[in-house]
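[1] sequence and computational prediction follow.
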Amino acid sequence: MKVVKNISLKNLNTFGVDVKSKYFVEIYSEEELKQALNSGEYSNHQKLILGGGSNILFTKDYDGLVIKNSIPGIKLLDEDSKKVIVEAGAGVIWDELVKYCVDYNFGGIENLSYIPGTVGAAPIQNIGAYGQELEEIFYELNGIYIDSCETKNFNKSECSFSYRSSIFKNELKNKFIITSVKLKLNKNPNVNLSYNSVKKEVEKKNIKQPTIKDIREIVIAIRKSKLPDPVEIGNAGSFFKNPVITKEKFKVLKEEYPDLKHFFVDENNVKIFAAWLIEKCGWKGKRFGDTGTHKLQPLVIVNYGNASGKEIYEISKMIKSDVKTIFYITLKNEVNIIN
Ligand code: FAD
Ligand code: EPU
(Lines give C-alpha, C1' and ligand atoms only; values in the text may rest on other atoms or scores of the structure.)
(Ligands and ions follow the chains in the order given, each with its own letter.)
Protein backbone atom coordinates (compact mmCIF):
# COMPACT_ATOMS: atom_id res chain seq x y z
CA MET A 1 0.00 0.00 0.00
CA LYS A 2 1.61 3.21 -1.16
CA VAL A 3 0.19 6.64 -0.42
CA VAL A 4 1.11 9.27 -3.01
CA LYS A 5 0.75 13.03 -2.76
CA ASN A 6 -0.81 15.64 -5.05
CA ILE A 7 -1.90 13.37 -7.86
CA SER A 8 -4.28 14.36 -10.65
CA LEU A 9 -7.66 12.59 -10.62
CA LYS A 10 -8.34 13.42 -14.31
CA ASN A 11 -8.17 9.78 -15.42
CA LEU A 12 -10.06 8.57 -12.36
CA ASN A 13 -13.38 10.36 -12.96
CA THR A 14 -15.47 9.94 -16.12
CA PHE A 15 -16.17 13.69 -16.34
CA GLY A 16 -12.41 13.94 -16.94
CA VAL A 17 -12.20 16.86 -14.56
CA ASP A 18 -8.61 17.79 -13.78
CA VAL A 19 -8.44 18.14 -10.00
CA LYS A 20 -5.72 17.06 -7.59
CA SER A 21 -6.00 14.95 -4.48
CA LYS A 22 -3.76 15.84 -1.55
CA TYR A 23 -3.23 12.14 -0.78
CA PHE A 24 -4.14 9.08 -2.83
CA VAL A 25 -3.95 5.36 -2.22
CA GLU A 26 -5.19 2.32 -4.14
CA ILE A 27 -6.26 -0.64 -2.00
CA TYR A 28 -6.63 -4.28 -3.07
CA SER A 29 -7.95 -5.91 0.15
CA GLU A 30 -9.93 -5.20 3.30
CA GLU A 31 -6.66 -5.34 5.28
CA GLU A 32 -5.12 -2.62 3.12
CA LEU A 33 -8.28 -0.55 3.50
CA LYS A 34 -8.06 -0.82 7.30
CA GLN A 35 -4.39 0.10 7.16
CA ALA A 36 -5.23 3.22 5.13
CA LEU A 37 -8.03 4.20 7.50
CA ASN A 38 -5.99 3.54 10.62
CA SER A 39 -2.89 5.41 9.57
CA GLY A 40 -2.30 8.23 12.04
CA GLU A 41 -0.83 10.39 9.31
CA TYR A 42 -4.24 10.82 7.64
CA SER A 43 -6.50 10.59 10.67
CA ASN A 44 -7.30 14.30 10.63
CA HIS A 45 -7.97 14.41 6.91
CA GLN A 46 -11.27 13.80 5.19
CA LYS A 47 -11.45 10.55 3.23
CA LEU A 48 -13.25 9.65 0.03
CA ILE A 49 -13.72 6.20 -1.41
CA LEU A 50 -13.60 6.15 -5.18
CA GLY A 51 -14.71 3.37 -7.52
CA GLY A 52 -14.77 4.01 -11.27
CA GLY A 53 -15.49 7.72 -10.77
CA SER A 54 -18.55 7.48 -13.04
CA ASN A 55 -21.06 9.15 -10.74
CA ILE A 56 -19.01 11.86 -9.13
CA LEU A 57 -18.24 15.53 -9.83
CA PHE A 58 -15.19 17.12 -8.22
CA THR A 59 -15.70 20.89 -8.10
CA LYS A 60 -12.23 21.60 -6.69
CA ASP A 61 -9.03 19.88 -5.52
CA TYR A 62 -9.66 17.29 -2.81
CA ASP A 63 -8.01 18.26 0.45
CA GLY A 64 -7.78 14.78 1.94
CA LEU A 65 -7.17 11.11 1.19
CA VAL A 66 -8.81 9.53 -1.85
CA ILE A 67 -8.95 5.75 -1.51
CA LYS A 68 -9.34 3.97 -4.84
CA ASN A 69 -11.12 0.70 -4.30
CA SER A 70 -9.65 -2.17 -6.32
CA ILE A 71 -10.68 -5.14 -4.12
CA PRO A 72 -10.91 -8.01 -6.66
CA GLY A 73 -12.61 -11.39 -6.89
CA ILE A 74 -15.80 -13.05 -8.04
CA LYS A 75 -16.91 -16.34 -6.49
CA LEU A 76 -19.90 -18.61 -6.42
CA LEU A 77 -20.79 -18.98 -2.74
CA ASP A 78 -23.85 -21.18 -2.58
CA GLU A 79 -26.55 -22.71 -4.73
CA ASP A 80 -29.66 -24.85 -4.74
CA SER A 81 -31.72 -26.08 -7.67
CA LYS A 82 -33.19 -22.63 -8.35
CA LYS A 83 -30.90 -19.92 -7.00
CA VAL A 84 -27.23 -19.09 -6.78
CA ILE A 85 -25.38 -16.66 -4.52
CA VAL A 86 -22.48 -14.88 -6.19
CA GLU A 87 -20.08 -12.69 -4.21
CA ALA A 88 -17.85 -10.00 -5.73
CA GLY A 89 -15.16 -7.73 -4.35
CA ALA A 90 -16.16 -4.06 -4.30
CA GLY A 91 -13.43 -3.14 -6.78
CA VAL A 92 -14.63 -5.53 -9.49
CA ILE A 93 -15.87 -3.71 -12.60
CA TRP A 94 -19.66 -3.99 -12.50
CA ASP A 95 -19.99 -5.12 -16.12
CA GLU A 96 -17.39 -7.87 -15.62
CA LEU A 97 -19.67 -9.28 -12.91
CA VAL A 98 -22.69 -9.02 -15.23
CA LYS A 99 -20.78 -10.83 -17.99
CA TYR A 100 -19.64 -13.55 -15.57
CA CYS A 101 -23.24 -14.17 -14.46
CA VAL A 102 -24.70 -14.11 -17.98
CA ASP A 103 -21.98 -16.51 -19.21
CA TYR A 104 -23.08 -18.98 -16.50
CA ASN A 105 -26.76 -18.29 -17.30
CA PHE A 106 -27.43 -16.76 -13.87
CA GLY A 107 -30.33 -14.39 -14.54
CA GLY A 108 -31.76 -11.19 -13.09
CA ILE A 109 -28.76 -8.96 -13.76
CA GLU A 110 -28.65 -8.86 -17.58
CA ASN A 111 -30.70 -5.66 -18.04
CA LEU A 112 -28.06 -3.91 -15.91
CA SER A 113 -25.39 -4.65 -18.53
CA TYR A 114 -22.79 -2.05 -19.41
CA ILE A 115 -23.44 0.36 -16.52
CA PRO A 116 -20.03 1.88 -15.81
CA GLY A 117 -18.36 1.68 -12.41
CA THR A 118 -17.58 -0.83 -9.70
CA VAL A 119 -19.54 -3.45 -7.76
CA GLY A 120 -18.99 -1.54 -4.50
CA ALA A 121 -20.72 1.57 -5.81
CA ALA A 122 -23.72 -0.29 -7.23
CA PRO A 123 -25.69 -0.34 -3.93
CA ILE A 124 -24.97 3.36 -3.23
CA GLN A 125 -27.65 4.54 -5.65
CA ASN A 126 -29.27 1.14 -6.20
CA ILE A 127 -28.27 1.20 -9.88
CA GLY A 128 -31.04 0.63 -12.35
CA ALA A 129 -31.70 0.46 -16.06
CA TYR A 130 -34.01 -1.05 -18.66
CA GLY A 131 -36.57 -2.40 -16.19
CA GLN A 132 -34.26 -3.78 -13.49
CA GLU A 133 -32.83 -2.41 -10.25
CA LEU A 134 -30.01 -3.82 -8.15
CA GLU A 135 -32.29 -4.35 -5.15
CA GLU A 136 -34.20 -7.09 -7.01
CA ILE A 137 -31.12 -9.35 -6.99
CA PHE A 138 -29.30 -7.94 -3.96
CA TYR A 139 -28.63 -10.42 -1.13
CA GLU A 140 -26.23 -8.70 1.31
CA LEU A 141 -23.03 -6.69 1.55
CA ASN A 142 -20.03 -6.25 3.82
CA GLY A 143 -18.10 -3.14 4.66
CA ILE A 144 -16.29 -0.99 7.18
CA TYR A 145 -17.21 2.17 9.09
CA ILE A 146 -14.68 4.89 8.23
CA ASP A 147 -14.40 6.27 11.80
CA SER A 148 -14.25 3.09 13.87
CA CYS A 149 -12.99 0.57 11.26
CA GLU A 150 -15.69 -1.78 12.55
CA THR A 151 -17.00 -4.25 9.99
CA LYS A 152 -20.71 -4.65 9.37
CA ASN A 153 -22.93 -6.81 7.23
CA PHE A 154 -26.10 -5.27 5.72
CA ASN A 155 -29.03 -7.35 4.53
CA LYS A 156 -31.43 -6.01 1.92
CA SER A 157 -33.94 -4.34 4.25
CA GLU A 158 -31.14 -2.57 6.17
CA CYS A 159 -30.00 -0.90 2.94
CA SER A 160 -33.26 1.13 2.53
CA PHE A 161 -33.11 0.88 -1.24
CA SER A 162 -35.36 3.06 -3.38
CA TYR A 163 -35.09 4.69 -6.82
CA ARG A 164 -31.43 5.84 -7.17
CA SER A 165 -31.04 5.83 -3.39
CA SER A 166 -30.01 3.82 -0.32
CA ILE A 167 -28.91 4.33 3.28
CA PHE A 168 -25.34 4.74 1.94
CA LYS A 169 -26.32 7.86 -0.03
CA ASN A 170 -28.13 9.31 2.99
CA GLU A 171 -27.48 8.55 6.69
CA LEU A 172 -24.23 6.71 5.93
CA LYS A 173 -22.92 9.08 3.26
CA ASN A 174 -19.09 9.22 3.58
CA LYS A 175 -19.29 7.07 6.73
CA PHE A 176 -19.22 3.51 5.42
CA ILE A 177 -17.12 1.70 2.81
CA ILE A 178 -18.52 -1.33 1.00
CA THR A 179 -15.94 -4.10 0.56
CA SER A 180 -18.01 -6.89 -1.03
CA VAL A 181 -21.50 -7.52 -2.38
CA LYS A 182 -23.53 -10.74 -2.65
CA LEU A 183 -26.25 -11.21 -5.24
CA LYS A 184 -28.97 -13.87 -5.47
CA LEU A 185 -29.59 -14.90 -9.07
CA ASN A 186 -31.85 -17.30 -10.94
CA LYS A 187 -30.50 -20.52 -12.38
CA ASN A 188 -33.57 -20.83 -14.64
CA PRO A 189 -33.94 -17.22 -15.72
CA ASN A 190 -36.98 -15.54 -17.22
CA VAL A 191 -36.13 -12.59 -19.42
CA ASN A 192 -37.38 -9.16 -18.41
CA LEU A 193 -39.02 -7.35 -21.36
CA SER A 194 -40.81 -4.72 -19.29
CA TYR A 195 -38.85 -1.86 -20.88
CA ASN A 196 -40.44 -1.00 -24.20
CA SER A 197 -37.27 -0.38 -26.21
CA VAL A 198 -35.85 -3.78 -25.15
CA LYS A 199 -39.09 -5.54 -26.10
CA LYS A 200 -39.23 -3.74 -29.46
CA GLU A 201 -35.67 -4.75 -30.27
CA VAL A 202 -36.41 -8.42 -29.48
CA GLU A 203 -39.38 -8.24 -31.85
CA LYS A 204 -37.39 -6.43 -34.53
CA LYS A 205 -34.73 -9.12 -34.40
CA ASN A 206 -37.49 -11.74 -34.53
CA ILE A 207 -36.08 -13.61 -31.53
CA LYS A 208 -38.81 -16.03 -30.48
CA GLN A 209 -37.32 -17.24 -27.19
CA PRO A 210 -34.83 -14.63 -26.04
CA THR A 211 -32.07 -15.70 -23.65
CA ILE A 212 -30.41 -13.49 -21.06
CA LYS A 213 -27.44 -13.35 -23.43
CA ASP A 214 -29.71 -11.85 -26.13
CA ILE A 215 -31.00 -9.29 -23.61
CA ARG A 216 -27.45 -8.36 -22.60
CA GLU A 217 -26.48 -7.78 -26.24
CA ILE A 218 -29.62 -5.72 -26.91
CA VAL A 219 -29.17 -3.57 -23.80
CA ILE A 220 -25.51 -2.91 -24.67
CA ALA A 221 -26.48 -1.88 -28.22
CA ILE A 222 -29.26 0.46 -26.97
CA ARG A 223 -26.92 2.02 -24.40
CA LYS A 224 -24.19 2.58 -27.01
CA SER A 225 -26.70 4.29 -29.33
CA LYS A 226 -28.17 6.57 -26.65
CA LEU A 227 -25.45 7.56 -24.22
CA PRO A 228 -22.10 9.25 -24.87
CA ASP A 229 -19.01 7.13 -24.19
CA PRO A 230 -17.05 8.83 -21.39
CA VAL A 231 -13.81 7.86 -23.15
CA GLU A 232 -14.83 10.22 -25.97
CA ILE A 233 -16.89 12.87 -24.13
CA GLY A 234 -16.62 13.28 -20.37
CA ASN A 235 -19.90 12.63 -18.53
CA ALA A 236 -21.41 10.81 -15.56
CA GLY A 237 -24.64 9.50 -17.14
CA SER A 238 -27.88 11.14 -15.97
CA PHE A 239 -26.98 14.19 -13.93
CA PHE A 240 -30.42 14.40 -12.26
CA LYS A 241 -32.98 11.85 -11.12
CA ASN A 242 -36.32 11.60 -12.89
CA PRO A 243 -38.75 13.55 -10.68
CA VAL A 244 -41.68 11.95 -8.92
CA ILE A 245 -44.68 14.29 -8.65
CA THR A 246 -48.21 13.99 -7.28
CA LYS A 247 -51.06 12.85 -9.50
CA GLU A 248 -52.71 16.27 -9.06
CA LYS A 249 -49.65 18.17 -10.18
CA PHE A 250 -49.27 15.80 -13.11
CA LYS A 251 -52.88 16.45 -14.24
CA VAL A 252 -52.26 20.20 -14.35
CA LEU A 253 -49.04 19.78 -16.33
CA LYS A 254 -50.56 17.28 -18.74
CA GLU A 255 -53.33 19.74 -19.64
CA GLU A 256 -50.74 22.30 -20.62
CA TYR A 257 -48.32 19.79 -22.20
CA PRO A 258 -50.28 16.89 -23.75
CA ASP A 259 -47.02 15.22 -24.93
CA LEU A 260 -45.77 14.80 -21.33
CA LYS A 261 -44.97 11.10 -20.81
CA HIS A 262 -45.25 9.47 -17.39
CA PHE A 263 -45.72 6.26 -15.46
CA PHE A 264 -47.35 5.59 -12.13
CA VAL A 265 -45.05 4.91 -9.15
CA ASP A 266 -48.01 4.25 -6.84
CA GLU A 267 -51.64 5.35 -6.81
CA ASN A 268 -50.81 8.94 -5.80
CA ASN A 269 -47.50 9.63 -7.53
CA VAL A 270 -46.15 9.60 -11.06
CA LYS A 271 -42.63 9.67 -12.43
CA ILE A 272 -41.97 12.02 -15.34
CA PHE A 273 -38.83 12.43 -17.42
CA ALA A 274 -36.18 14.95 -16.47
CA ALA A 275 -34.82 14.80 -20.06
CA TRP A 276 -38.19 16.03 -21.35
CA LEU A 277 -38.34 18.89 -18.82
CA ILE A 278 -34.80 19.96 -19.67
CA GLU A 279 -35.44 19.78 -23.41
CA LYS A 280 -38.64 21.86 -23.03
CA CYS A 281 -36.58 24.52 -21.27
CA GLY A 282 -34.44 24.80 -24.41
CA TRP A 283 -31.41 23.09 -22.93
CA LYS A 284 -30.97 20.15 -25.32
CA GLY A 285 -27.50 20.28 -26.87
CA LYS A 286 -26.79 23.72 -25.39
CA ARG A 287 -23.08 24.43 -24.96
CA PHE A 288 -21.16 26.98 -22.92
CA GLY A 289 -17.42 26.78 -23.49
CA ASP A 290 -16.41 23.17 -22.89
CA THR A 291 -19.55 22.11 -21.05
CA GLY A 292 -23.26 21.76 -21.80
CA THR A 293 -25.90 19.09 -22.31
CA HIS A 294 -25.54 16.19 -24.71
CA LYS A 295 -27.15 16.66 -28.12
CA LEU A 296 -29.12 13.38 -27.93
CA GLN A 297 -29.82 13.22 -24.19
CA PRO A 298 -30.06 16.53 -22.31
CA LEU A 299 -30.14 14.77 -18.94
CA VAL A 300 -26.45 14.06 -19.51
CA ILE A 301 -24.15 17.00 -18.82
CA VAL A 302 -20.88 16.70 -20.71
CA ASN A 303 -17.30 17.89 -20.66
CA TYR A 304 -16.12 18.51 -24.22
CA GLY A 305 -12.52 18.78 -23.11
CA ASN A 306 -11.26 21.14 -20.49
CA ALA A 307 -14.32 22.16 -18.51
CA SER A 308 -13.69 22.51 -14.79
CA GLY A 309 -15.87 20.77 -12.21
CA LYS A 310 -17.07 24.18 -11.09
CA GLU A 311 -18.22 25.09 -14.62
CA ILE A 312 -20.09 21.80 -14.94
CA TYR A 313 -21.70 22.33 -11.54
CA GLU A 314 -22.74 25.89 -12.51
CA ILE A 315 -24.45 24.57 -15.66
CA SER A 316 -26.32 22.01 -13.55
CA LYS A 317 -27.57 24.80 -11.29
CA MET A 318 -28.71 26.88 -14.29
CA ILE A 319 -30.67 23.91 -15.65
CA LYS A 320 -32.26 23.30 -12.25
CA SER A 321 -33.23 26.94 -11.96
CA ASP A 322 -34.89 27.01 -15.42
CA VAL A 323 -36.84 23.80 -14.73
CA LYS A 324 -37.96 25.25 -11.41
CA THR A 325 -39.05 28.54 -13.01
CA ILE A 326 -40.97 26.95 -15.87
CA PHE A 327 -42.40 23.80 -14.25
CA TYR A 328 -42.19 24.48 -10.47
CA ILE A 329 -40.29 21.19 -10.15
CA THR A 330 -37.01 20.88 -8.24
CA LEU A 331 -34.67 18.41 -9.93
CA LYS A 332 -32.54 16.34 -7.55
CA ASN A 333 -28.94 15.55 -8.39
CA GLU A 334 -28.10 11.94 -9.12
CA VAL A 335 -24.39 12.67 -9.43
CA ASN A 336 -22.43 12.96 -6.16
CA ILE A 337 -21.04 16.47 -5.93
CA ILE A 338 -17.75 16.86 -4.05
CA ASN A 339 -17.53 20.49 -2.90
P1 FAD B 1 -17.96 6.40 -8.15
O2 FAD B 1 -18.35 7.45 -9.12
O3 FAD B 1 -16.52 6.13 -7.96
O4 FAD B 1 -18.60 6.75 -6.73
C5 FAD B 1 -19.96 7.15 -6.66
C6 FAD B 1 -20.30 7.42 -5.18
O7 FAD B 1 -20.26 6.20 -4.45
C8 FAD B 1 -19.29 8.34 -4.49
O9 FAD B 1 -20.00 9.12 -3.55
C10 FAD B 1 -18.33 7.39 -3.81
O11 FAD B 1 -17.69 7.96 -2.67
C12 FAD B 1 -19.27 6.26 -3.41
N13 FAD B 1 -18.60 4.94 -3.40
C14 FAD B 1 -17.95 4.35 -4.42
N15 FAD B 1 -17.52 3.14 -4.06
C16 FAD B 1 -17.91 2.95 -2.77
C17 FAD B 1 -17.76 1.90 -1.83
N18 FAD B 1 -17.10 0.78 -2.12
N19 FAD B 1 -18.28 2.06 -0.59
C20 FAD B 1 -18.94 3.21 -0.27
N21 FAD B 1 -19.11 4.25 -1.11
C22 FAD B 1 -18.61 4.11 -2.36
N23 FAD B 1 -26.27 4.56 -13.16
C24 FAD B 1 -27.42 3.85 -13.13
O25 FAD B 1 -27.96 3.57 -12.05
N26 FAD B 1 -28.01 3.42 -14.27
C27 FAD B 1 -27.50 3.67 -15.48
O28 FAD B 1 -28.07 3.27 -16.50
C29 FAD B 1 -26.29 4.42 -15.55
N30 FAD B 1 -25.74 4.72 -16.75
C31 FAD B 1 -24.59 5.45 -16.80
C32 FAD B 1 -24.02 5.72 -18.05
C33 FAD B 1 -22.85 6.43 -18.15
C34 FAD B 1 -22.26 6.71 -19.51
C35 FAD B 1 -22.18 6.87 -16.97
C36 FAD B 1 -20.88 7.60 -17.07
C37 FAD B 1 -22.73 6.61 -15.73
C38 FAD B 1 -23.95 5.90 -15.63
N39 FAD B 1 -24.56 5.61 -14.39
C40 FAD B 1 -25.70 4.86 -14.34
C41 FAD B 1 -23.94 6.09 -13.14
C42 FAD B 1 -22.82 5.16 -12.61
O43 FAD B 1 -22.42 4.26 -13.58
C44 FAD B 1 -23.27 4.39 -11.36
O45 FAD B 1 -23.72 5.26 -10.36
C46 FAD B 1 -22.15 3.52 -10.78
O47 FAD B 1 -22.66 2.67 -9.79
C48 FAD B 1 -21.00 4.35 -10.21
O49 FAD B 1 -19.94 3.49 -9.92
P50 FAD B 1 -18.47 4.02 -9.67
O51 FAD B 1 -17.67 2.88 -9.17
O52 FAD B 1 -17.97 4.71 -10.86
O53 FAD B 1 -18.75 5.05 -8.47
N1 EPU C 1 -36.58 12.38 -23.55
C2 EPU C 1 -36.79 13.62 -24.10
N3 EPU C 1 -35.75 14.18 -24.80
C4 EPU C 1 -34.58 13.53 -25.01
C5 EPU C 1 -34.37 12.26 -24.46
C6 EPU C 1 -35.40 11.69 -23.72
O7 EPU C 1 -37.84 14.22 -23.93
O8 EPU C 1 -33.73 14.11 -25.67
C9 EPU C 1 -37.68 11.77 -22.77
C10 EPU C 1 -38.54 10.89 -23.65
O11 EPU C 1 -39.87 11.03 -23.23
C12 EPU C 1 -38.03 9.49 -23.31
C13 EPU C 1 -37.72 9.64 -21.84
O14 EPU C 1 -37.18 10.97 -21.72
O15 EPU C 1 -39.00 8.49 -23.54
C16 EPU C 1 -36.78 8.63 -21.25
O17 EPU C 1 -35.51 8.68 -21.89
P18 EPU C 1 -34.45 7.47 -21.76
O19 EPU C 1 -35.09 6.20 -22.18
O20 EPU C 1 -33.20 7.91 -22.43
O21 EPU C 1 -34.23 7.30 -20.20
P22 EPU C 1 -34.05 8.35 -19.00
O23 EPU C 1 -35.29 8.33 -18.18
O24 EPU C 1 -33.60 9.66 -19.50
C25 EPU C 1 -33.20 6.58 -17.30
C26 EPU C 1 -32.07 6.48 -16.32
C27 EPU C 1 -30.82 6.00 -17.03
C28 EPU C 1 -31.10 4.61 -17.60
C29 EPU C 1 -32.27 4.71 -18.59
C30 EPU C 1 -32.71 3.35 -19.07
C31 EPU C 1 -32.50 8.07 -14.55
C32 EPU C 1 -32.16 9.37 -13.94
N33 EPU C 1 -31.86 7.76 -15.67
O34 EPU C 1 -32.87 7.62 -18.21
O35 EPU C 1 -29.77 5.89 -16.06
O36 EPU C 1 -29.97 4.10 -18.27
O37 EPU C 1 -33.42 5.33 -17.94
O38 EPU C 1 -33.33 2.64 -18.04
O39 EPU C 1 -33.33 7.34 -14.00
C40 EPU C 1 -28.01 7.05 -14.99
O41 EPU C 1 -28.63 6.83 -13.93
O42 EPU C 1 -26.91 7.64 -15.02
C43 EPU C 1 -28.60 6.59 -16.24
C44 EPU C 1 -28.04 6.77 -17.43
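    Structure received. Since we're looking at a predicted model, the values are computed, not measured. Ligands and ions are numbered 1, 2, ... in the order given.
[2] output the contacting helices and strands for the host helix or strand of Ile301.
    According to DSSP states H and E, Ile301 maps onto strand 300-303. Using 3 or more CB pairs under 8 Å, 6 or more residues apart in numbering; DSSP states H and E, the elements in contact with strand 300-303 are strand 234-238, strand 291-293, helix 309-327. In short, each C-beta sits where N, CA and C put it, glycine included.
[3] what is the mean pLDDT for it?
    Across strand 300-303, the average pLDDT comes to 98.
[4] partners of that strand in the sheet?
    Strand 300-303 has its sheet partners listed here by DSSP bridges as strand 234-238 (antiparallel), strand 291-293 (antiparallel).
[5] nearest to Ile207, of these?
    Across the strands paired with strand 300-303, Ile207 has its closest neighbour in strand 234-238 (27.5 Å, CB to CB).
[6] so how far is the closest one off the chain centroid?
    Distance of strand 234-238 from the chain centroid (CA atoms, centre = their mean, to the nearest Å) equals 10 Å.
[7] let's have the helices and strands packed on strand 300-303 in CSV, adding distance to ligand 1, mean pLDDT and mean neighbour count.
    Supplementary listing: those in CSV, determined by distance: least, CB to the nearest ligand atom, whole Å; pLDDT from 0 to 100; neighbours: other CB atoms under 10 Å:
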stretch, distance to ligand 1, mean pLDDT, mean neighbour count
strand 234-238, 3, 98, 23
strand 291-293, 14, 98, 24
helix 309-327, 13, 98, 18
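[8] could the ones you listed go into TSV alongside distance to Lys20?
    Shown next, in TSV, are the helices and strands packed on strand 300-303 (distance: least, CB to CB, whole Å):
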stretch	distance to Lys20
strand 234-238	17
strand 291-293	20
helix 309-327	12
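[9] which one of the strands paired with strand 300-303 lies nearest to ligand 2?
    The minimum distance between ligand 2 and these falls on strand 234-238, with 2.5 Å, by CB to the nearest ligand atom.
[10] neighbouring contacts of the closest one?
    Contacting residues not belonging to strand 234-238 are listed as 13-17, 54-57, 116, 227-228, 230, 274, 294, 299-304, 307, 334-335 [CB atoms under 8 Å, 6 or more residues apart in numbering].
[11] narrow these to just the buried residues.
    Among those, the ones that count as buried by 16 or more other CB atoms under 10 Å are 13-17, 54-57, 116, 227-228, 230, 274, 294, 299-303, 307, 334-335.
[12] could you list which of those residues also contact ligand 1?
    Among those, the residues within reach of ligand 1 (CB under 6 Å from any ligand atom) are 14, 54-56, 116, 227, 230.
[13] ok, which pair from these is furthest apart?
    Across these, no pair lies farther apart than Ile56 and Leu227, at 17.0 Å, counting by CB to CB.
[14] distance check, the nearest residue to Gln35 once chain neighbours are set aside against Lys286.
    Using CB to CB, 6 or more residues apart in numbering and skipping the chain neighbours, the partner closest in space to Gln35 is Met1 (5.6 Å). In this structure, Met1 and Lys286 are 44 Å apart, going by CB to CB, to the nearest Å.
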